[in-house]
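Enquirer: Could you work out the structure for the sequence below:
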Amino acid sequence: MAVTFDAADGPDMSAFLRATDDDHARLDLLVTGARCAGCIAKIEREVSRLPGVESARLNLSNGRLAIGLARGGVDPARIIAALDRLGYPATPFDPGAALAQRDREGRRLILALAVAGFGAMNAMMFSVPIWAGLFDQELGPATRSMMMWMSAAVGAPCAIFAGLPFFQSAWRSLRAGRANMDVPISVGVILTLAISFSETILNGRDAYFDAAVSLLFLLLIGRWLDHVLRARARSAAGDLLALQAPSASVIDAGGRERSVPLGELRPGDLIRLRPGDRVPVDATLVEGEALIDNSLLTGESAPERVRPGQLCRAGAVNTAGLLTLRVRARSEDSTLAAIARLVEAGAQSRSRYVRLADRAAALYVPVVHAAALATFAGGWMLGLGPREALIRAVAVLIVTCPCALGLAVPAVQVAASARLFRRGVLVKSGAALERLAEIDHVVFDKTGVLTEGRPALVGASPAVVAMAAPLARASRHPMARAIARAAGDGPLATEVVERPGLGVEGFIEGRRARLGRADFVGVPTLCSGETDLWFGFEGGTSVRLQVSDVVRPDAAATVAALGARGLTVEVLSGDRPGPVGAAAAAAGVAVWRAGLSPQEKAEAIDALAAAGRKVLMVGDGLNDAAALARAHAAVAPGSALEASQNAADLVLTREALMAVVEAIDVARSARRRALENFGFAALYNLVAAPAAMLGFVNPFVAALAMSGSSLVVTVNALRVRGRR
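Expert: Numbers count the residues shown, from 1 in each chain. Have a look, this model is predicted:
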């Protein structure tokens, strides 16, 4: 049953509603102008108050506002109107439009930053002679006036252009009846320019065009860094869904095959799958005995044998045989789509993390406005002229500019990110380092994390490997490929036939040979383990080849180092209990769970969070993507699936697992540096603001002091370091 809404006015938005069940629908909007946790809280709070709105969740990284609506709820056009009144224009969400908007914002910021840098340098070129006049250097009135006008000609246009991001944001906020951090910045810049023009026209002593544009240059650095770090924190849901095949081969009533788009598949349709194809949707095997590679879904390295009547999940790969399957669910209801929804939900909840800078900045606007107004009113009442009182008020606005506060976190993040990059860790999210510093529990996946992620031969003699290699090179089975890798290049067997679920047979130098399961080669199954392959010539003796996923050399040292830092460790894996237990024991991990589905992994992370634990998840498979998104912080190896890398906060660009420990050390050091920066910014404002109010600091000195505070914060950020 469709969900309908009674639109009282505005455009008809019903086409953009997606029914979730008989009584509810979801509306996704693209919101522009949101920059911080305060914006998120404001938008979600106001939208949730609208009648008929059951939930509102904003993803800051892509601007997506997901709104849950009840049947007969508010008209979507009214939601857009409410957002516009708040100062956050919104349109129906389109991924392409969201990406284009991020690109436009980035280009706009970098252009404004370039103009501000040009203006600051060139305005100072004309200001330096004026400054020299303060130290009793000869500078005639005409020359001084010319220098001030040249400084105005360069600095004022650059300040106006570079200040547009702040002016427009401040205007939207004021139109909505609120004041954000851009309001005092805009007021300070505009008043500084106005006073400077007044001084220039009246042949006054000081002009501050260079101070205004320098102020904007430093502020734009912080805003650009925040934009870059935020843009990297995009959701992995799209990458997960991209793993689905775009089309499928459907068998019609006449037995003919035709290719149809994935969205047209319906439960009950028959589809055909060839070797190497990925299962497009959840489907039941009808004909054939399949050998399915579920490593991206479960993390299990060994292929799974599926018989008629059993389920094949979307995202798995058919490694051998021609299969016929019956569709069980539409593409949007498949296992892969369910994982994508979990990832999206995790990314949205994670975007609500409130940064220390946002909490500190929440006090900035009312306090600074009140201090500037009190300075102007108090100075005038105490006998100062309106010009001198206004200069003092402007000095207060400039000297208390949140430049140091704005750079406190981005400068530390960039310094920490650069250090970690040199140590083999790529930081994708600005807030990731803050969360990483808070973790108290580490969860590892097994396959590809604690282990190297691919089967390897264990203890096989070179002679046996050389005998089995011709058959192994002709097989697609992962365990056979391990033998082929160990043997290297060489001849292939002839007349090779792959037996799905059993093994491969063919002729080697004229002799029939088999490689595969014990019963396929003719060995009693009691003699064989689950990770064993057997090879033998017809009529000859069979030999065993043991294959195992090898534990990383530094896994045990990494676990021990985490324990030394007060962190507890466990393993969550979709693999079988035997391999999981062996890998956990080799790494020194006492707590482990095996056979978990992607949903169960995500639920395990949620349960740990509900118990008050701050969890770091380290995983690489598709089955880890939802857990990575739900964890307090997440790390993926460089060899991980792209979707898992995008769901993670940090990516290891080298093989060493010890890089996780280095990342934690650097994150903790970065947190200390950030707190020190906040402390310095607070102390600076406690000293500088009263000095400006008492007239000891004019706008020129205020700009120098503000720049100096930013420099101190930046230098302190470079002290981020981690243990070796």
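Enquirer: just for the stretch 251-400 of the chain, where's the confidence low?
Expert: Within the stretch 251-400 of the chain, the ranges that satisfy pLDDT under 70 run 263, 294-303, 320, 332-365.
Enquirer: For it, just list every one of the helices.
Expert: Taking DSSP state H, counting those that start in this stretch as the criterion, the stretch 251-400 of the chain carries its helices at 295-298, 335-350, 356-361, 364-381, 386-399.
Enquirer: Likewise for the stretch 501-650 of the chain?
Expert: With DSSP H, counting those that start in this stretch as the criterion, the stretch 501-650 of the chain has helices spanning 518-521, 555-564, 577-587, 598-610, 625-630, 642-647.
Enquirer: Quick check: next helix or strand after the last one?
Expert: The C-terminal neighbour of helix 642-647 among helices and strands, as given by DSSP states H and E, is strand 650-652.
Enquirer: What mean pLDDT does the biggest helix by length in the chain get?
Expert: In terms of residue count, the longest helix belonging to the chain (DSSP state H) is helix 95-133. The average pLDDT within helix 95-133 is 79.
Enquirer: Using neighbour counts, pick out the buried residues of it.
Expert: 98, 101-102, 105, 109, 112-113, 115-117, 119-120, 122-124, 126-127, 129-130 (16 or more other Cβ atoms under 10 Å). Where C-beta positions appear, they are placed from N, C-alpha and C, glycine not excepted.
Enquirer: before we move on, what about stretch 651-671?
Expert: Judged by neighbour count (16+ other Cβ under 10 Å), stretch 651-671 contains these buried residues: 651-652, 656-671.
Enquirer: re earlier: packing partners of the longest helix of the chain?
Expert: strand 24-31, helix 141-162, helix 164-175, helix 209-231 (3 or more Cβ pairs under 8 Å, 6 or more residues apart in numbering; DSSP states H and E).
Enquirer: And the average pLDDT for the longest one is what?
Expert: Spelled out, it's helix 209-231. 75.
Enquirer: CA atoms of it as PDB?
Expert: C-alpha atoms of helix 209-231 as PDB (Å, rounded to 0.1, in the frame of the first residue of the first chain):
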ATOM      1  CA  PHE A 209      43.200  46.500   5.200                       C
ATOM      2  CA  ASP A 210      46.000  44.100   5.600                       C
ATOM      3  CA  ALA A 211      44.800  42.900   9.000                       C
ATOM      4  CA  ALA A 212      41.300  42.200   7.600                       C
ATOM      5  CA  VAL A 213      42.500  40.100   4.700                       C
ATOM      6  CA  SER A 214      45.200  38.300   6.800                       C
ATOM      7  CA  LEU A 215      42.500  37.400   9.300                       C
ATOM      8  CA  LEU A 216      40.400  35.800   6.500                       C
ATOM      9  CA  PHE A 217      43.400  34.000   5.100                       C
ATOM     10  CA  LEU A 218      44.100  32.200   8.400                       C
ATOM     11  CA  LEU A 219      40.400  31.400   8.900                       C
ATOM     12  CA  LEU A 220      40.100  30.000   5.400                       C
ATOM     13  CA  ILE A 221      43.000  27.700   6.100                       C
ATOM     14  CA  GLY A 222      41.100  26.100   8.900                       C
ATOM     15  CA  ARG A 223      37.900  25.900   6.900                       C
ATOM     16  CA  TRP A 224      39.700  24.300   3.900                       C
ATOM     17  CA  LEU A 225      41.400  21.700   6.100                       C
ATOM     18  CA  ASP A 226      38.000  20.800   7.700                       C
ATOM     19  CA  HIS A 227      36.500  20.500   4.200                       C
ATOM     20  CA  VAL A 228      39.200  18.200   3.000                       C
ATOM     21  CA  LEU A 229      39.000  15.900   6.000                       C
ATOM     22  CA  ARG A 230      35.200  15.900   6.000                       C
ATOM     23  CA  ALA A 231      35.100  15.000   2.300                       C
END
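Enquirer: Return the distance of it from the chain's centre.
Expert: Counting by Cα atoms, centre = their mean, to the nearest Å, helix 209-231 is centred 22 Å from the centre of its parent chain.
Enquirer: Show me what that helix packs onto, helices and strands only.
Expert: Using 3+ Cβ pairs under 8 Å, 6+ apart: helix 209-231 touches helix 95-133, helix 141-162, helix 164-175, helix 182-201, helix 403-422, helix 699-717.
Enquirer: and whichever strand or helix holds residue 681 with helix 403-422, angle?
Expert: Assigned by DSSP H and E, residue 681 belongs to helix 659-693. For helix 659-693 against helix 403-422, the angle by axes from the mean of the first three to the mean of the last three Cα atoms, to 10 degrees is 160 degrees.
Enquirer: next one: helix 659-693 to chain centre, how far?
Expert: 24 Å.
Enquirer: what sits against residue 631?
Expert: Residues counted as contacts of residue 631 (Cβ atoms under 8 Å, 6 or more residues apart in numbering) are 346, 443, 605, 615-617.
Enquirer: same thing but 6 Å
Expert: 605, 615, 617 (Cβ atoms under 6 Å, 6 or more residues apart in numbering).
Enquirer: Can you name the residues bridging to the last one?
Expert: It stands for residue 617. Beta-bridge pairing of residue 617 under DSSP bridges involves residue 443, residue 634.
Enquirer: Surely it and residue 634 touch.
Expert: Yes: applying Cβ atoms under 6 Å, one finds residue 617 in contact with residue 634, separated by 4.9 Å.
Enquirer: intersection of neighbour lists for those two?
Expert: Joint contacts of residue 617 and residue 634 (Cβ under 6 Å, 6+ apart) are residue 628.
Enquirer: Just want the angle from the longest helix of the chain to strand 24-31.
Expert: 30 degrees.
Enquirer: Leaving out sequence neighbours, find the closest residue to residue 566.
Expert: residue 440 (7.2 Å; Cβ to Cβ, 6 or more residues apart in numbering).
Enquirer: quick one, phi psi at that neighbour?
Expert: The phi and psi values for residue 440, taken as degrees, to the nearest 10, are phi -130, psi 0.
Enquirer: Could you check how many residues crowd around it?
Expert: 15 (other Cβ atoms under 10 Å).
Enquirer: try residue 448
Expert: 25.
Enquirer: Neighbours of the closest residue in space to it that isn't next to it in sequence, how many?
Expert: Counting by Cβ to Cβ, 6+ apart, residue 620 is the residue found nearest to residue 448 once chain neighbours are left out, at 4.0 Å. Neighbours of residue 620 under the rule other Cβ under 10 Å: 28.
Enquirer: From residue 559, how far out is residue 620?
Expert: 17 Å (Cβ to Cβ, to the nearest Å).
Enquirer: Equivalent analysis for residue 512, please.
Expert: 47 Å.
Enquirer: What of residue 412?
Expert: For residue 412 relative to residue 559 (Cβ to Cβ), the value is 28 Å.
Enquirer: Quick check on those two: which one has the bigger neighbour count.
Expert: Comparing residue 412 with residue 559 by other Cβ under 10 Å, the one with more neighbours is residue 412, at 29 against 25.
Enquirer: quick one: pLDDT of that one?
Expert: On the pLDDT scale, residue 412 gets 78.
Enquirer: my guess is it contacts residue 673, does it?
Expert: Yes: taking contacts as Cβ under 6 Å, residue 412 lies within contact range of residue 673: 4.8 Å.
Enquirer: can you list residues touching both of these two?
Expert: residue 717.
Enquirer: quick revisit: which of the helices of the stretch 501-650 of the chain is buried the deepest?
Expert: helix 625-630 (a mean of 32; mean count of other Cβ atoms under 10 Å).
Enquirer: Extract the CA atoms of it and return them as CSV.
Expert: Extracted in CSV, the C-alpha atoms of helix 625-630 (Å, rounded to 0.1, in the frame of the first residue of the first chain):
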residue,chain,number,x,y,z
ALA,A,625,31.7,-3.2,6.6
ALA,A,626,28.6,-2.8,8.9
ALA,A,627,30.7,-3.5,12.0
LEU,A,628,33.3,-1.0,10.8
ALA,A,629,30.6,1.6,10.4
ARG,A,630,29.1,0.9,13.9
